[in-house]
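Novice: Structure of the sequence below:
(one chain, ligands or ions: 1)
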Amino acid sequence: MDLQAVAVKGTQDVLPANAHKWQYIEKTAADAAARFGFREIRTPVFEKTELFERSVGDTTDVVQKEMYTFNDKGGRSITLRPEGTAGAMRSVLEHGLFNDALPVKAFYTTSCYRYEKPQAGRLREFHQFGVECIGAPSPVADAEIILLGNAILTELGIKDISLQINSIGCPTCRAAYKNALKSYFEDRKDELCDTCKDRLERNPMRILDCKSPVCQAVCKDAPVILDYLCDECSAHFETVKTLLDTAGLSYTVNPGIVRGLDYYTKTVFEFISSQIGAQGTVCGGGRYDGLAKELGGPDLPSLGFAMGLERILMVMENQNCPFPDPEPVDLYIAPMGDAAQAQAVLLCNTLRQEGFKAITDLNNRGLKAQMKYAGKIGAKFSLVLGDNELNEKIARLKNMKTGEQREVVFPDGVITAIYDENIQNTFQNLNESLEKFNG
Ligand code: HAM
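Specialist: Residues are numbered from 1 along each chain as shown. Next comes the predicted model:
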């Protein structure tokens with residue numbers, strides 16, 4: 001194929017036949033977030049590069065290796081967002097939303113860009129559903145955010161997900177921890193990869209999420225942050241755990257969850273699936289109490305999470321989770337001849353105004369080809385319009401599933417008949433649901 005007609009490596013199309021799955025996931029997540037009091041925020045796909053350097057952190061893999069950064073025609077350094085938190089926080093600060101009632105609760109569905117090595121569940125353009133709760137210091141917020149993540153996964157019908165939580169403390173407790181970590185790694189410096197040797201100087205915590213198996217082996221016996229938490233961070237974490245216990249949500253405390261972004265403080269968590277290979281984290285998040293100040297705003301302890309939608313879809317397909325069927329086409333009108341064609345367009349428009357999905361021929365096909373097409377697109381009814389039908393104003397409405405035909409006066413009868421059948425179907429569905437419920 002012509003090279004220009006091939007997508008860029010690490011990107012993926014959502015084709016019309018699959019779009020309903022995406023819409024379902026996005027709507028389920030947005031509806032759940034709305035029930036927790038979140039409203040949507042939309043921010044630009046690109047931001048100033050320094051926003052990500054200062055928030056995500058210039059010692060992270062994301063900033064050092066993975067950002068899509070370029071100079072625009074005005075010579076400004078611009079970056080395609082690698083994640084959604086920085087842009088959301090920038091927007092909240094810029095518009096002074098923190099002057100209104102706190103916390104500011106925002107959710108988003110966005111595309112993100114990271115120059116990573118593509119593999120199953122890891123793309124260069126991927127999509128996140130995320131929530132940010134800005135200006136909420138209490139551990140109750142941590143528990144609520146985790147419960148929201150769990151609610152979305154549960155409502156999507158996803159099973160066998162493990163929730164892993166950790167606390168990575170605040171700058172106070174982290175200072176002592178970093179020293180302990182540094183001296184541990186200094187002793188085994190020769191075993192580390194070159195990147196980690198550099199990390200040892202700049203940010204030894206980043207060594208903990210190095211993907212090299214050799215470094216991971218060295219990390220096994222490294223000091224654990226939980227042993228270094230200050231009293232406040234420790235109490236905060238205990239309360240989060242108690243709240244999750246009370247809510248009946250099971251979790252594992254995993255000191256290995258350190259997250260790959262620099263802004264995190266205190267609670268961090270991941271929802272992990274073991275069924276989609278190495279890239280099993282379907283949702284990751286945590287607190288970022290220092291980010292607002294870091295970006296020049298007031299002190300706004302905050303937290304949130306983001307889910308990778310491609311990974312959610314993979315797990316759902318893997319587990320055969322049910323997706324609602326896409327809305328079917330109600331009526332396909334097959335016109336024969338120019339006069340009928342004009343009437344078909346008119347009738348389709350009338351039906352669409354009534355809320356029906358109505359389709360007619362756009363390709364001047366013969367009747368047989370049209371009926372084949374109607375079958376292919378899964379139309380519920382079809383209607384042939386020829387000269388006879390136009391003259392007599394009577395047409396035959398065919399139920400494509402049962403083959404039953406019904407004479408209808410054209411055009412009002414068509415609308416009434418479809419209404420009738422749809423209402424009957426609705427009643428039938430309702431009766432079936434009631435029977436199931438009672439039975
Ligand atoms: P993150 O862990 O970098 O966190 O990404 C969140 C989720 O996005 C991951 O758990 C994964 O499901 C998905 N994801 C990440 N990279 C890729 C990729 N290359 N391909 C496919 N999916 C991917 C964040 O982005 C934070 N902003 C989350 C957050 C919000 N923390 C607080 N608020």
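Novice: Which residues are in contact with whichever residue of the stretch 251-400 of the chain sits closest to the ligand?
Specialist: Nearest residue of the stretch 251-400 of the chain to the ligand: G308, at 2.4 Å (Cβ to the nearest ligand atom). C-betas here are computed from N, CA, C, even on glycine. Contact analysis of G308 by Cβ atoms under 8 Å, 6 or more residues apart in numbering lists G121, F126, H127, Q128, T281, V282, C283.
Novice: State the helix or strand in which the last one lies.
Specialist: Yep, that's C283 we're talking about. Applying DSSP states H and E as the criterion places C283 in strand 281-287.
Novice: Check what contacts that strand and list those residues.
Specialist: Residues contacting strand 281-287 (Cβ under 8 Å, 6+ apart): 130, 142, 145, 149, 153, 158, 161, 168, 259, 264-273, 276, 301-308, 311-312, 315.
Novice: same thing but at 6 Å, please
Specialist: Outside strand 281-287, the residues within contact range by Cβ atoms under 6 Å, 6 or more residues apart in numbering are 149, 264-268, 270-273, 303-305, 307, 311-312.
Novice: now, which of those lie within strands?
Specialist: Residues of the contacts of strand 281-287 located in strands (DSSP state E): T265, K266, T267, V268, E270, F271, I272, S273, L303, G304, F305, M307.
Novice: Regarding the nearest residue to L156 once chain neighbours are set aside, what is its secondary structure?
Specialist: In this structure, L156 finds its nearest non-sequential neighbour in T28, 5.7 Å apart by Cβ to Cβ, 6 or more residues apart in numbering. Following DSSP: H, G, I helix; E, B strand; the rest coil, T28 is assigned to helix.
Novice: Against L351, how distant is T28?
Specialist: 30 Å (Cβ to Cβ, to the nearest Å).
Novice: Surely L397 forms part of a strand?
Specialist: Yes - assessed with three-state DSSP, L397 lies in a strand.
Novice: coming back round to it: parallel or antiparallel, which strands does the strand holding C283 pair with?
Specialist: Paired strands of strand 281-287, with direction, are strand 265-273 (antiparallel), strand 302-308 (antiparallel) (DSSP bridges).
Novice: Make JSON lines out of these and add distance to Q12 and mean pLDDT.
Specialist: Output for those, formatted as JSON lines (distance: least, Cβ to Cβ, whole Å; pLDDT from 0 to 100):
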{"stretch": "strand 265-273", "distance to Q12": "19", "mean pLDDT": "98"}
{"stretch": "strand 302-308", "distance to Q12": "12", "mean pLDDT": "98"}
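Novice: Format these as CSV; extra columns: distance to A86.
Specialist: Compiled in CSV, the strands paired with strand 281-287 are given as follows (distance: least, Cβ to Cβ, whole Å):
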stretch, distance to A86
strand 265-273, 15
strand 302-308, 11
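Novice: In the protein, where is pLDDT below threshold?
Specialist: Filtered on pLDDT under 70, the chain yields the residue ranges 1-3, 426-431, 433-434, 436-439.
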